[in-house]
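Enquirer: Structure of the sequence below:
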Amino acid sequence: MNDKNIFSSFSLLGSEWSILVKLLLLALLFVMVSVAIYDRYIQRKNQLLINYPLIGRMRYFFYLLRNPMRQYFGDETFYDSFEKLDWINKVSEAKSPYLSFSPTTPYTNQKTLFKHANLVKELGEVDETFSVTFGPNRREPYVSKSIIGRSAMSDGAISPEGTRAFSIGAHKGNFPINTGEGGLTSNFLAPLNLSGCVSTCLEIKKGTWFAKTVYHLLRFLTNREVSQRVYRRMVVRQKDRGTFIFDNEKLHYFRVDWSKPLDAFPVQVPEGVPDITFQMGSGLYGVRDAEGRFDEVRYQKVMCFCRMTEVKLAQGAKQTGGKLLAVKVSDDIAYYRGVPAHQDLISPNRFPYADSLEGLFDFISRLQELSGKPAGFKIVISTKQEFEAYAQVLKNRKEAGKNIPDFVTIDGGDGGSATAPLEMMSKIGLPIRESLLIVTEVLANYGLREDIRIIAAEKVLTPDDIVELLCYGADFVNIARGFMISAGCIRARTCSGAGGHHCPVGLATMDEIKRSKYLVLEKSRHVANYHKELIQGVRSLLAVMGKTSPGQLSRDDLIFHH
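Expert: The predicted structure follows:
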């Protein structure tokens, strides 16, 4: 081809592109004119767009970008500092968390500081593992392998894949996980395999030789996530896919068959199950009968897989009963909770067996007897006088030789929730530090402090947050948002599923497309890494404070700087 022909070809190509660009511009102009006419003369719901057709839409476009862009360009004042979030992301991926120079939050803004010891400890002199014993007088006390647990997050509010990642991470990291008020589901048992459990209480789905061949082929050509997703579709029917867990060894799917008799369930918690705290909310999900009443036998079956029970009376940002919008009430969640699918699920405000404090503690005592395991309750503190009402009843029960709860979980009034009324998010209940001061003082004054362990939760992200709560008297610390970030949360603030918006990473959504891309095993490692670095950070702080264990901490180790 000579130069003239080449030039002609390029001229022809340029002419075609020019025509295409002109057509696109005409189409864009047509759309803009149509929108402007619609805004000015047709729609009658937005007066801003009547006065400023088309241009007014810029306002809503930028408003739409406000939340997603905040996490990249805005100050993370809600989380203390961007460095705390960056720390979580780094340690979750096993990267070095060290900083250069100082964080964005100035030292002079810190109101609470830790005392540096005159004679510090070497890190090797600090205990390597921390533990708390709950219910020492129960038939089966719970001795935790950590002082940190993942706070209550229900399967359903969290995607099945997210729950599996948390459960596998908890098992790897040797820390407990709370079911949330949605109850125990198969996804909490994700680390379990068939050889580690009594199979008589399990429903098992076996793949055909063809399905197994497809699995192995896809496993070779792609990865574990893709091969399992395809294999699950071949073995388990659509409506049950979120209720079965995968056995990597036998390539079977299985779930607990709750219709089996109690004697078919394991006597001891099977190997491979993480330490689980079963939370019982006002909806009694997972332990209710067909009429919605408490089912004692079902509860005993559930507790064959759990270590403790927490009765939820209130939490920081959600003083009402739990809320799960219809978009999250899938067939799987309806199966677990014993409710209709695809309908808003609004739990009652009041726990059904808490018409009086005495009645509440009688019910908790019954749970202790049925399970033989520790049981406690979760509340938000408002005033010293109101908590003294709890303490007085507990003191009377103790003196009468009756059971009292083994622990109390205090959720600060500034705690978070994926679905909560705005008016309750920061207006009801005291912050966690003030709450701990009241609880520790009142329990000590009423002679109950040695009997009841204190679990604290509210905006905990990094090791210094944990040490501070321990200094205020907490025995154990529950963390929600920190574990969420370690599992991939990017803080898009679309957890509820309202308005058609879904968690973009597949962690807090029931949207099947987004869920299917969630990397369960990878994120489970991140969750375990985060817990490991939290413990390591606590040990480092204890060393410079001259302590060898968390039990040596007190308010005397704090400096209140103004």
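Enquirer: quick one: contacts for the residue most central in space within the chain?
Expert: Among the residues of the chain, the one closest to the centroid is residue 153, at 3.9 Å (CA atoms, centre = their mean). Residue 153 makes contact with 163, 166, 178, 180, 480, 484 under the criterion CB atoms under 8 Å, 6 or more residues apart in numbering. In short, each C-beta sits where N, CA and C put it, glycine included.
Enquirer: And the pLDDT at the first one?
Expert: At residue 163 the predicted local distance difference test score is 93.
Enquirer: Now the element after the strand or helix carrying it, going C-ward?
Expert: Element membership for residue 163 (DSSP states H and E) is helix 160-173. Scanning forward in sequence from helix 160-173 by DSSP H and E, the next helix or strand is strand 177-178.
Enquirer: pLDDT of that following strand, averaged?
Expert: On average, strand 177-178 scores 97.
Enquirer: What residues of stretch 546-555 count as buried?
Expert: 546-547, 550, 553 (16 or more other CB atoms under 10 Å).
Enquirer: before we move on, what about stretch 187-204?
Expert: By 16+ other CB under 10 Å, the buried positions in stretch 187-204 come out as 187-193, 197, 201-203.
Enquirer: So the residue nearest to the centre of the chain: helix, strand or coil?
Expert: coil (DSSP: H, G, I helix; E, B strand; the rest coil).
Enquirer: before we move on, back to that, keep only those of the buried residues of stretch 546-555 that are in helices.
Expert: Judged by DSSP state H, helices contain none of these.
Enquirer: tell me the phi and psi of residue 469?
Expert: Backbone torsions for residue 469, taken as degrees, to the nearest 10, come to phi -70, psi -30.
Enquirer: Quick one: classify the nearest residue to it once chain neighbours are set aside as helix, strand or coil.
Expert: Leaving aside its sequence neighbours, residue 469 sits nearest to residue 456 (CB to CB, 6 or more residues apart in numbering; 4.7 Å). Following three-state DSSP, residue 456 is assigned to strand.
Enquirer: quick one, what contacts residue 456?
Expert: Residues in contact with residue 456 (CB under 8 Å, 6+ apart) are 409-410, 412, 432, 435-436, 469, 472, 474, 476-478.
Enquirer: mind listing the strands in the stretch 1-150 of the chain by residue range?
Expert: Per DSSP state E, counting those that start in this stretch, the stretch 1-150 of the chain carries strands over the ranges 112-114, 133-134, 142-143, 148-150.
Enquirer: Save those as a markdown table, and put in mean pLDDT too.
Expert: Output for the strands of the stretch 1-150 of the chain, formatted as a markdown table (pLDDT from 0 to 100):
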| stretch | mean pLDDT |
| --- | --- |
| strand 112-114 | 87 |
| strand 133-134 | 98 |
| strand 142-143 | 98 |
| strand 148-150 | 96 |
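Enquirer: ok, back up a step: need the max-distance pair from the buried residues of stretch 187-204.
Expert: For the buried residues of stretch 187-204, the maximum inter-member distance is 18.5 Å, found between 191 and 203 (CB to CB).
Enquirer: distance between the ends of stretch 455-472?
Expert: 11 Å (CA to CA, to the nearest Å).
Enquirer: Could you do stretch 365-376 as well?
Expert: With CA to CA as the measure, stretch 365-376 spans 9 Å from end to end.
Enquirer: Would you map the helices across the stretch 251-400 of the chain?
Expert: 296-302, 331-337, 357-371, 384-399 (DSSP state H, counting those that start in this stretch).
Enquirer: For residue 159, find the nearest of the ones you listed.
Expert: helix 331-337 (10.2 Å).
Enquirer: got a list of contacts for the closest one?
Expert: Helix 331-337 is contacted from outside by 155-156, 160, 182-183, 185, 239-243, 283, 285-286, 324, 339-342, 345, 510, using CB under 8 Å, 6+ apart.
Enquirer: Please apply the same query to stretch 123-133.
Expert: Under the contact criterion CB under 8 Å, 6+ apart, stretch 123-133 has outside partners 141-147, 453, 475-476, 535, 538-540, 542-543, 547-550.
Enquirer: Any of the residues you listed buried? List them.
Expert: Buried residues within the contacts of stretch 123-133, defined by neighbour count using 16+ other CB under 10 Å: 141-142, 144, 146-147, 453, 475-476, 535, 538-539, 542-543, 547, 550.
Enquirer: Low-confidence stretches in the stretch 201-350 of the chain?
Expert: Along the stretch 201-350 of the chain, the model assigns pLDDT under 70 to residues 315-324, 327-328, 345-346.
Enquirer: just to revisit the earlier point, beta partners for the residue nearest to residue 469?
Expert: residue 410, residue 477 (DSSP bridges).
Enquirer: and the gap between it and residue 151?
Expert: Residue 456 sits 10 Å away from residue 151, taking CB to CB, to the nearest Å as the criterion.
Enquirer: Identify the contacts common to the two.
Expert: Common contacts of residue 456 and residue 151 (CB under 8 Å, 6+ apart): residue 478.
Enquirer: So which residues of the stretch 401-550 of the chain form helices?
Expert: 432-445, 463-471, 481-486, 512-516, 520-544.
Enquirer: Mean confidence (pLDDT) on the last one, please.
Expert: The predicted model gives helix 520-544 an average pLDDT of 95.
Enquirer: can you check the first one too?
Expert: Per-region confidence: helix 432-445 scores 95 on mean pLDDT.
Enquirer: who touches it?
Expert: Applying CB under 8 Å, 6+ apart, the contact partners of helix 432-445 are 380-381, 383-384, 387-388, 391, 408, 410-415, 429-430, 449, 452, 454, 456-459, 468-469, 472-474.
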